[in-house]
Structure formats: structure tokens, C-alpha cells
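[1] With the input below, show me the fold.
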Amino acid sequence: MAVQISKKRKFVADGIFKAELNEFLTRELAEDGYSGVEVRVTPTRTEIIILATRTQNVLGEKGRRIRELTAVVQKRFGFPEGSVEVRDGWVIF
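    Residues are numbered from 1 along each chain as shown. Here you go, the predicted structure:
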């Protein structure tokens, strides 16, 4: 049975999640041209798209860094294993 939550609380919770995620990624990816984050929520998974100018640095060697970021986000925000996908996206100036 799903827990009922008011629309106001849902908007506030979503805003806090996005603000904390943005702050974390800003600190973690400052040297890699981080410019923002896009969050897409579907019934089965949550997609987090990191917008940066140097996406190779965000990915890391053999995708290691993006996997580490995925694990940290899952643990910090309490997502079930395999329900979060962190990807990189291009920012074109």
C-alpha cells in the first residue's frame, strides 16, 4: 500500500532532492564543466542526466566515475538497487 502525501509536500520534497543533488554534483564535478542536472522520473526508474562540457571526465576511465556517482546517489537518497540511472549529457555553447 502506497503512502499518501499531499501535493505541497511532494513539491517541497522534489525541490529539496533536486537542490541537494545539484549541490553535490556542483562540488563533485566543478572541474569538469558541470552546468546542471536533469531528473526524469518514471514508474520503474529515475534517470539523472548530468549536463557538462567535458563528459569524458564525468564518465571516467571505463565508466568508473559514473558508476561511483550512481552508487553514492542511490545510497544518499535511498533508492532501491538498479532503480537509478545516471547518464551524461552534452552542453553546447
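[2] Send over whichever helix or strand residue 20 is part of as CSV, restricted to the C-alpha atoms.
    For residue 20, the enclosing helix or strand under DSSP states H and E is helix 7-28. Output in CSV follows, covering the C-alpha atoms of helix 7-28 (Å, rounded to 0.1, in the frame of the first residue of the first chain):
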residue,chain,number,x,y,z
LYS,A,7,0.9,17.8,-3.3
LYS,A,8,2.5,20.5,-1.4
ARG,A,9,4.8,18.1,0.5
LYS,A,10,5.6,16.3,-2.8
PHE,A,11,6.7,19.5,-4.5
VAL,A,12,8.8,20.5,-1.5
ALA,A,13,10.4,17.0,-1.3
ASP,A,14,11.1,17.1,-5.0
GLY,A,15,12.7,20.5,-4.8
ILE,A,16,14.9,19.6,-1.8
PHE,A,17,16.0,16.4,-3.7
LYS,A,18,17.0,18.4,-6.8
ALA,A,19,18.7,21.1,-4.8
GLU,A,20,20.8,18.6,-2.7
LEU,A,21,21.6,16.7,-5.9
ASN,A,22,22.7,19.8,-7.7
GLU,A,23,24.8,21.0,-4.8
PHE,A,24,26.5,17.6,-4.5
LEU,A,25,27.2,17.4,-8.3
THR,A,26,28.5,21.0,-8.3
ARG,A,27,31.1,20.2,-5.7
GLU,A,28,32.0,16.8,-7.2
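[3] So what's the gap between that helix and the chain middle?
    10 Å (Cα atoms, centre = their mean, to the nearest Å).
[4] ok, now stretch 69-86?
    8 Å.
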